[in-house]
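Asker: Predicted structure and sequence below. I'll ask about it afterward.
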Amino acid sequence: MVSRDRIGEGLPKDVVSMKLYHAPLSPYARKVRAAVILLGLEARVTEIAVRVSDSPPEVLAANPLCKIPALELPDGEGVYDSRVIVDYLDGLAGGGRLVPAGGEARRRVLRMQALGDGLADAAILVRTLIPAGLAHDHPLVQRQLAAVRRSLDRLESEPPALEPIDIGGLSVACALGYLDVRFADDPWRLDRPALAAWYEAACRLPCLARTAVTL
């Protein structure tokens, strides 16, 4: 485990000019932004909010998929997606703070990250399918909503670690934050008191409080 007091020390000075392309409502971008704060790298990462629907040339250069978040290194190399970016930043900060180096701990953290990201994936897809004209009861929509419910139920029985929070916990918190913004009328907390309590505590962490978004 890397000491909190030493996180970010000894990094090469040329990482100062890293650029993080993001959108405030993206749960994946928020995860990376929160990781930057936790790792003590704020002075070395410039955040640039973009609209990927406009296909900004700088985003296309960093990520040919034109997706955010995308991290541009000082030499112009692009790093993507959010999981790869966080792993890269964690390594720059000494390693082992957000992503364990190996063994069972790494497997569990990465699995929790996959669950959090998958929850966000399903919720975002619902937000895409319904405006595209599919009814709420369409099988494709219902399949994604079922994935959201199952993910929440699993998290109720097995909330992520909180102190210290790792990339699994950040992923889950950012996915839940997306639900609160985009599905504000969904009472997901009602039958999930353990997850609701965990999320309330997580939201008080400075890295998540400072990256929270509202419409």
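Answerer: Arrived safely, thanks for sending. Numbers count the residues shown, from 1 in each chain.
Asker: In whatever helix or strand residue 128 lives in, which of the residues would be classed as buried?
Answerer: Element membership of residue 128, judged by DSSP states H and E, is helix 103-129. With burial defined by 16 or more other C-beta atoms under 10 Å, the residues of helix 103-129 counted as buried are 108-110, 112-113, 115-126, 129. (Each C-beta comes from the backbone N, C-alpha and C, glycine too.)
Asker: Please, where are all the helices along the chain?
Answerer: Using DSSP state H, the helices of the chain run over residues 27-38, 57-62, 82-92, 103-129, 139-157, 167-182, 193-203, 206-209.
Asker: pLDDT at the most centrally placed residue in the chain, what is it?
Answerer: Most central in the chain under C-alpha atoms, centre = their mean is residue 31, positioned 2.7 Å from the mean C-alpha point. In this model, residue 31 is scored at 98, pLDDT.
Asker: Residue 53 and residue 144: what is the separation?
Answerer: Going from residue 53 to residue 144 by C-beta to C-beta, to the nearest Å gives 21 Å.
Asker: now do residue 78
Answerer: 29 Å.
Asker: cool, residue 104 as well?
Answerer: 31 Å.
Asker: go on, residue 111?
Answerer: Counting by C-beta to C-beta, the gap from residue 111 to residue 144 is 20 Å.
Asker: Could you count how many residues lie near residue 200?
Answerer: Residue 200 has 10 neighbours, counted by other C-beta atoms under 10 Å.
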